[in-house]
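Peer 1: Test case, fold it:
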Amino acid sequence: MQDIEEFLKTKASEIDERIEKYLPRVFTKEYLEWAYGKARYDYDEKALENALSRPVWDFLDRGGKRWRPAMFLLIADAMGGDLDRLMDFVVVLELAHNGSIMVDDIEDMGEMRRGKPCTHKLFGIDVAVNAGNYMYFLPYLVLLKNKDKFESNVLLKAYEALSKELITIHLGQGTDIWWHQGHSDSVTEEQYLQMCAMKTGTLARLSARLAAILSGGTEEQVEKIGKMAEAVGVGFQIQDDVLSASGDRFQKGKGFGDDITEGKRTLLVIHTLRKADPEDRKRLLEILNMHTTDEKLIEEALVILKKYGAIEYAMEKARSMVSSAWNDVKNLLPESDAKTRLESFISFLVNREI
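Peer 2: Below is the predicted model:
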């Protein structure tokens, strides 16, 4: 586990360097002309910097695991891809992910993210909405600036993959929003897993599909490795839910009990609602629908989850799902140190304690 954590820390700095190429901390006329072309009239560099670069870098500098671009690199390496040629594409995955979080915080009326007030609390809702959306669309600039490095049919597949997944992630978020508004007393486990596949799973799947496409993978490799990564994304989300229910309330990043406050219908909740007696079921739903920040009520809800073995059930589900997904693709990759590290990396994501 420690080796993987060190690998992530090392890659994080490399990933941030590439992000700065496409989204510098200081906007200059030279950068704007390189990225967007000569102004017909005149750019206001300071306005753009303050409305886009500052809020985005304030958010990115708070940390984050950078695991999606790291997985992209590991898969590309395991497939024999040219990492120097592919390195710019880490920007696609990290910006799309962080854009989704920034917007998600507004939708959830969040207060804190990664130890600081949410972007919309610091810069305003208007700036945060625009900056979050900018992070969805800026990845297309990476494809545009790298178009001479790949055959047109390869680029077309990359565009299709990016476009499809950026649509799909909104289906996942829309489903999740509807549920945590309280319209979700009968959500099934299969529906929850599909929501996760469309939300957390989609950018993991994009990481893998882009890596396979840009490394010259076959259609079979692209699709099967993409499905494997989707399962990893779902397993990662389940582990996040477990940490929220069982971690330290003072831990950085995802807060202890946040899912109870947000009224999330996690796998732990769905399992408990299925197994609980009528009294516990009614009480859990009551607390979830309060969207409370009261620690005693949050603890009460967590006690109910633990009473019915929800944490253990969810952890086993995540590990089983990811193990099965890896078994489906491991024979598609040649034996190498990169493949061994990729397997260790995948295991880390669903067994981590951070």
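Peer 1: For stretch 70-88, buried residues please.
Peer 2: The neighbour-count check on stretch 70-88 (16 or more other C-beta atoms under 10 Å) flags 70-79, 81, 86-88 as buried. Placement of C-beta: from N, CA and C, glycine included.
Peer 1: Same question for stretch 263-283.
Peer 2: Buried, per 16+ other C-beta under 10 Å, within stretch 263-283: 263-273, 276, 280-281.
Peer 1: check contacts around the nearest residue to residue 189 once chain neighbours are set aside.
Peer 2: Closest residue to residue 189 in three dimensions, ignoring its sequence neighbours and counting by C-beta to C-beta, 6 or more residues apart in numbering: residue 270, at 5.5 Å. Taking C-beta atoms under 8 Å, 6 or more residues apart in numbering, we find residue 270 in contact with 187, 188, 189, 192.
Peer 1: switch the cut-off to 6 Å
Peer 2: By C-beta atoms under 6 Å, 6 or more residues apart in numbering, the contact list for residue 270 reads 187, 189, 192.
Peer 1: List buried residues within these.
Peer 2: Using 16+ other C-beta under 10 Å, the buried members of those are 187, 192.
Peer 1: Save the contacts of residue 270 as CSV, and put in secondary structure too.
Peer 2: Formatted as CSV, the contacts of residue 270 follow (DSSP: H, G, I helix; E, B strand; the rest coil):
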residue, secondary structure
187, coil
189, helix
192, helix
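Peer 1: Show me which of the contacts of residue 270 is closest to residue 142.
Peer 2: Nearest to residue 142 among these is residue 192, at 32.5 Å by C-beta to C-beta.
Peer 1: quick one: contacts for the closest one?
Peer 2: Residues near residue 192 by C-beta under 6 Å, 6+ apart: 267, 270.
Peer 1: do the one 10 residues further on as well
Peer 2: Taking C-beta under 6 Å, 6+ apart as the contact definition, residue 202 lies against 165, 168, 169.
Peer 1: And the pLDDT at it?
Peer 2: With respect to pLDDT, residue 202 scores 96.
Peer 1: swap in residue 249?
Peer 2: Value for residue 249, per-residue pLDDT: 46.
Peer 1: Number the chain from 21, please
Peer 2: With the count now opening at 21, the last piece we talked about shows up as residue 269.
Peer 1: Now do the strands in the stretch 121-270 of the chain.
Peer 2: Listed in chain order, the strands of the stretch 121-270 of the chain (DSSP state E, counting those that start in this stretch) span residues 132-133, 136-137.
Peer 1: Residue 279: helix or strand, and which one exactly?
Peer 2: Element membership of residue 279 [criterion: DSSP states H and E] is helix 278-281.
Peer 1: Show the subsequent helix or strand relative to that helix.
Peer 2: Next element after helix 278-281 (DSSP H and E): helix 287-295.
Peer 1: so after that next one, what's the next helix or strand?
Peer 2: The C-terminal neighbour of helix 287-295 among helices and strands, as given by DSSP H and E, is helix 298-310.
Peer 1: Could you dump the contacts of residue 290 into CSV and include pLDDT and distance to residue 196?
Peer 2: Shown next, in CSV, are those (pLDDT from 0 to 100; distance: C-beta to C-beta, whole Å):
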residue, pLDDT, distance to residue 196
207, 88, 10
209, 94, 15
212, 94, 9
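Peer 1: List just the nearest of the contacts of residue 290 to residue 77.
Peer 2: Distances from residue 77 to these, taken by C-beta to C-beta, are shortest for residue 212, at 34.2 Å.
Peer 1: re earlier: now, which of the contacts of residue 222 sits nearest residue 230?
Peer 2: Of the contacts of residue 222, the one sitting nearest to residue 230 (C-beta to C-beta) turns out to be residue 185, at 9.2 Å.
Peer 1: ok, and the closest non-adjacent residue to that closest one?
Peer 2: Of all residues beyond its chain neighbours, the one nearest residue 185 is residue 226 (4.2 Å), with distances taken as C-beta to C-beta, 6+ apart.
Peer 1: again with residue 47
Peer 2: Nearest to residue 47 is residue 69, by C-beta to C-beta, 6+ apart, at 4.1 Å.
Peer 1: What distance do you get for the one you found to residue 143?
Peer 2: Using C-beta to C-beta, to the nearest Å, we find residue 69 at a distance of 13 Å from residue 143.
Peer 1: swap in residue 195?
Peer 2: 28 Å.
Peer 1: try residue 241
Peer 2: 42 Å.
Peer 1: again with residue 176
Peer 2: 37 Å.
Peer 1: Kindly report the same for residue 253.
Peer 2: For residue 253, the distance to residue 143 - C-beta to C-beta - is 29 Å.
Peer 1: Of the two, which one has the most company?
Peer 2: Between residue 253 and residue 143, counted using other C-beta atoms under 10 Å, residue 253 has the larger neighbour count: 27 against 19.
Peer 1: Could you check how many residues crowd around the closest residue to that one other than its chain neighbours?
Peer 2: Computed as C-beta to C-beta, 6+ apart, the closest residue to residue 253 that is not its neighbour in sequence is residue 224, at 3.1 Å. Here the number of neighbours of residue 224 (other C-beta under 10 Å) works out to 29.
Peer 1: Right, I'll call it a day here.
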